[in-house]
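Asker: just need the structure, nothing else, for what follows:
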Amino acid sequence: MWSSEAAAGGAWWAEAKDGGGMLGFAAFDARGLRYHWLRNWRTKPHVGIFGPFGLRADARGGELGRTLLRASLFSLRERGYRQALIPAVGEAALIAYYEREANARAVESFALDRPERRARTVVLASGNGSNFQAVLDAAGAGTVPLDVVALVTNRASAFARERARAAGVAEHLVAWRRADETREAYDERLLREVAALEPELVLLLGWMHVLPATFVARFPQLLNIHPALLPLDPAADFVTAPDFSRLPVFRGARALDDALAARVRWSGASVHRVGVAVDRGGVVARAPLALVDGEPREDLDARLHALEHRVLIAALRRWGWERP
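Answerer: Now for the predicted structure:
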């Protein structure tokens with residue numbers, strides 16, 4: 001369950017001797033990160049990024065943390081860096097730990113959330129729209145830097161339309177007239193409708209129609225929420241669960257049904273960048289969800305939707321942090 005920063009570089013990790021799984025890890029030399037607080041550091045060739053760094057609760061307080069920390073700092077030195085940057089540390093106890101164990105010092109302070117313009121956002125949804133509502137609520141509260149200007153739906157019966165009307169958001173029905181319109185003609189019409197709204201960000205929140213390459217190319221800031229735990233490596237077909245079991249990746253519209261049919265122990269929610277291959281874009285945020293034998297489907301759906309809302313807001317906050 002490592003973070004995207006860990007996947008972007010190298011890492012040291014420790015596993016329990018008895019096969020009890022991972023005890024901790026320390027990542028180093030993450031590259032390609034676009035967080036705004038790294039803007040002054042990305043062009044400094046002598047500075048390497050340390051972190052993230054984490055230990056399981058039962059492994060804290062001993063030598064393991066020091067060993068992993070020093071191993072990662074040594075690896076940065078081996079790669080030619082003269083200094084290490086430990087970014088975005090907010091807890092006083094953790095700052096003191098780094099000062100004590102790594103001879104670190106604070107070199108810069110920043111606000112995590114920047115006062116900035118809101119991104120003009122269009123949402124595509126085909127159903128109930130509970131994730132759409134979560135975005136509307138978060139945008140209204142100022143939790144995410146978005147201005148939701150329109151909802152586009154391809155189903156006249158989608159309840160998301162009612163949510164848009166209640167919020168005063170323009171809603172556009174762009175349904176596929178299958179009897180007299182080819183898929184290519186529909187895709188072109190959809191592209192024109194969305195392009196006319198001039199979005200900076202397009203969100204797919206329960207959008208049940210695979211988009212063509214022309215749409216993906218037209219809107220580079222395109223995010224999708226998916227009801228499964230996706231791997232940080234988009235090419236991978238297996239993902240590691242919190243209990244360190246190895247799960248197949250469930251992609252496509254029936255991901256949760258497929259997970260239940262496979263009788264696996266974990267599902268989840270992921271927000272990823274959209275590419276041409278279905279559900280294979282880079283993960284922006286994700287979280288696991290334990291599956292319980294015999295749980296009524298309506299209870300599982302409720303837990304999943306609550307998780308999706310949290311993951312979605314986390315992903316949108318990160319998107320705001322990384323936006324140029």
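Asker: C-alpha from now on. contacts and neighbour counts both.
Answerer: Fine.
Asker: hang on, residue 123 is in a strand, isn't it?
Answerer: Yes. Assigned with DSSP: H, G, I helix; E, B strand; the rest coil, residue 123 falls within a strand.
Asker: can you pull the contacts of it?
Answerer: Contact analysis of residue 123 by C-alpha atoms under 8 Å, 6 or more residues apart in numbering lists 132, 148, 150-152, 202-205.
Asker: just the buried ones from these?
Answerer: 132, 148, 150-152, 202-205 (16 or more other C-alpha atoms under 10 Å).
Asker: quick check, nearest of the residues you listed to residue 306?
Answerer: residue 132 (12.6 Å; C-alpha to C-alpha).
Asker: out of the contacts of residue 123, name the ones that lie in helices.
Answerer: In this view, these that belong to helices under DSSP state H are residue 132.
Asker: just the ones of the contacts of residue 123 in strands?
Answerer: 148, 150-152, 202-204 (DSSP state E).
Asker: sorry, back to before: pipe the contacts of residue 123 into CSV and attach distance to residue 76 and pLDDT per row.
Answerer: Output for the contacts of residue 123, formatted as CSV (distance: C-alpha to C-alpha, whole Å; pLDDT from 0 to 100):
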residue, distance to residue 76, pLDDT
132, 42, 98
148, 42, 98
150, 46, 98
151, 47, 98
152, 47, 98
202, 38, 98
203, 37, 98
204, 39, 98
205, 40, 97
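Asker: walk me through the domains of this protein.
Answerer: When the chain is parsed with automatic domain parsing, its domains come out as 4-102, 119-322.
Asker: could you dump those domains to JSON lines with distance to residue 108?
Answerer: Putting those into JSON lines (distance: least, C-alpha to C-alpha, whole Å) gives the following:
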{"stretch": "domain 4-102", "distance to residue 108": "9"}
{"stretch": "domain 119-322", "distance to residue 108": "17"}
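Asker: worst average pLDDT in those?
Answerer: With a mean of 85, domain 4-102 has the lowest mean pLDDT of these.
Asker: off-centre distance for that domain?
Answerer: Averaged C-alpha coordinates place domain 4-102 at 20 Å from its chain's average position (C-alpha atoms, centre = their mean, to the nearest Å).
Asker: centroid residue for this protein?
Answerer: residue 285 (1.8 Å; C-alpha atoms, centre = their mean).
Asker: and the gap between that residue and residue 275?
Answerer: As judged by C-alpha to C-alpha, to the nearest Å, residue 285 and residue 275 stand 16 Å apart.
Asker: residue 67 now?
Answerer: 39 Å.
Asker: now swap in residue 79 and tell me
Answerer: Distance, residue 79 to residue 275, using C-alpha to C-alpha: 32 Å.
Asker: picking that back up, closest one to residue 194 out of the contacts of residue 123, please.
Answerer: Checking these one by one against residue 194 (C-alpha to C-alpha), the nearest turns out to be residue 152, at 7.7 Å.
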